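**Student:** predicted structure and sequence below. I'll ask about it afterward.
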Amino acid sequence: MRVYNFASGPSALPLPVLERAAAEMTDVNGTGQSVMEMSHRSKDFKPIIEKTEALLRELMGIPPNYKVLFLQGGASLQFSMVPLNLAGVEPGSPKKKAAYVETGIFAKKAAEEASKYAEVHTRGSSKDKAYTYIPAPLPPEADDAYYHITVNNTIVGTRWAALPETGSVPLAADISSCILSEPLDVSRFGLLYAGAQKNLGPAGTTVVIIREDLLGKAPSWTPTMLRYDIHAGEASMYNTPPCYGIYIIGLVLEWLKELGGADAMGKLNREKADLLYAYLGGSKLFRSPVEKSSRSIMNVTFVSTEADPDKRKEKETRFVKEAAAQGLVNLAGHRLVGGMRASIYNATPIEGVKALIKFMEKFEKNEK
């Protein structure tokens, strides 16, 4: 029996994609072989990666002056690659400035990593309230090499409802947990990156979208594998790319296109999130800790209203355990913040959200 999987990543994949991948496991496109067996430079794999890139460009409306890269190392490696390529300097030169807005744990990690290569300036932070809101950020300064944000904060469940205006300073963003969840104007950014394991495909593939004029800025000492211009020049083929992950992403993009693309998915995702937030708004047992204006439509966090810390932890632990027994799995909050979290990515059907709400209503009734 398939469960409703609310994991934050690796997360649920569309069932039609899994079924097609299973059917093609030993023979894809009539080649008599699995994608996992193909040479990445073969005539059999080339149409797979080209189709995946073309679909991504179409569904995201990526302008022609942007390169699309399929890399490895997860979004966490991008915490280093972004400052190295956009703000790195030669030995003996003063560090360049980079602006960061700290809206969550991963945003904080990105800034900390960047500080090894650049002079990081925090233009806004919501740490004072445990990252439960998106702050009004300070504007960039003229000599900022770039301005970095995390568009959707997976752990705490917040989201930038409106992008900051950065003028001529390139806006760089982590969109790992919200890519293709709703329309996004790529032209507003200099660079976008996303680990695939939340909304695009399996873990092991990272998508980078970078404006061409930002290539070739890495200092000479930058390791070859960490240079965007090298990967762009080789069309993501400098070394063996994550072939199977790219293939699955292509299948997910085909599925998404059939559903109507980012516009249709955005409407569905907002409907799913609205249902869950509406229930939380009327509940006496659960509440959302996130300010309404900053709530994510991908990661809905909630906690028990129980005042006693020990009783609250016991109740939340029991909720997660009993939910799993009903086929509603991976609802525990991140280990650093506790509570509960329902990640309702593109592949999570609205029926799953309704089933979760029905269980929460039953759990709450039994607690009275």
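**Tutor:** Great, that's in hand. None of these values were measured; they are calculated from a predicted model. Residues are numbered from 1 along each chain as shown.
**Student:** in the chain, where's the longest helix?
**Tutor:** When the chain is parsed with DSSP state H, its longest helix is helix 261-282.
**Student:** so where do the strands sit in the protein?
**Tutor:** Along the chain, counting by DSSP state E, strands occupy 4-5, 66-71, 97-102, 119-125, 144-150, 152-153, 158-159, 171-174, 191-195, 206-211, 286-287, 299-304, 328-329, 340-343.
**Student:** roughly how far apart are the residue minimising distance to the centre of the chain and Tyr146?
**Tutor:** With distances taken as Cα atoms, centre = their mean, the residue of the chain nearest its centroid is Ser176 (1.6 Å). Distance of Ser176 to Tyr146, computed by Cβ to Cβ, to the nearest Å: 18 Å. Where C-beta positions appear, they are placed from N, C-alpha and C, glycine not excepted.
**Student:** and Pro16, by the same measure?
**Tutor:** The value you get for Pro16 to Tyr146, if Cβ to Cβ is used, is 38 Å.
**Student:** and the residue nearest to the centre of the chain, how far from Tyr238?
**Tutor:** For Ser176 relative to Tyr238 (Cβ to Cβ), the value is 23 Å.
**Student:** straight-line length of stretch 296-307, end to end?
**Tutor:** Its first and final residues considered, stretch 296-307 spans 25 Å by Cα to Cα, to the nearest Å.
**Student:** avg pLDDT for that stretch?
**Tutor:** Averaged across stretch 296-307, pLDDT comes to 97.
**Student:** tell me how far it lies from the chain's centre.
**Tutor:** 19 Å (Cα atoms, centre = their mean, to the nearest Å).
**Student:** do the same with stretch 128-141
**Tutor:** That offset, for stretch 128-141, works out to 19 Å (Cα atoms, centre = their mean).
**Student:** and for stretch 166-174?
**Tutor:** Worked out by Cα atoms, centre = their mean, stretch 166-174 lies 18 Å from the chain centre.
**Student:** what of stretch 157-164?
**Tutor:** Distance, centroid of stretch 157-164 to centroid of chain: 13 Å (Cα atoms, centre = their mean).
**Student:** need the contact list for the residue nearest to the centre of the chain.
**Tutor:** Gly9, Ala75, Asn152, Thr154, Tyr193, Ala194, Gly195, Lys198, Asn199 (Cβ atoms under 8 Å, 6 or more residues apart in numbering).
**Student:** which one of those residues is nearest to Glu90?
**Tutor:** Tyr193 (24.6 Å; Cβ to Cβ).
**Student:** test my guess that the closest one contacts Phe79.
**Tutor:** No. Look at Tyr193 against Phe79 with Cβ atoms under 8 Å: they stay out of range, at 9.4 Å.
**Student:** any stretches of the chain with poor pLDDT?
**Tutor:** Within the chain, the ranges that satisfy pLDDT under 70 run 368.
**Student:** break it into its domains for me.
**Tutor:** Here the domain parsing of the chain from automatic domain parsing is 4-10+261-367, 16-259.
**Student:** may I have the residues that are in contact with Glu212?
**Tutor:** Counting by Cβ under 8 Å, 6+ apart, Glu212 has contacts Asn65, Tyr66, Lys67, Ala232.
**Student:** the third one: what's its closest spatial neighbour, skipping adjacent residues?
**Tutor:** Just to be clear, that refers to Lys67. The shortest distance from Lys67 to any non-neighbouring residue, by Cβ to Cβ, 6 or more residues apart in numbering, is to Ala232 (4.3 Å).
**Student:** if anything else comes up later, I'll come back, but that's it for now.
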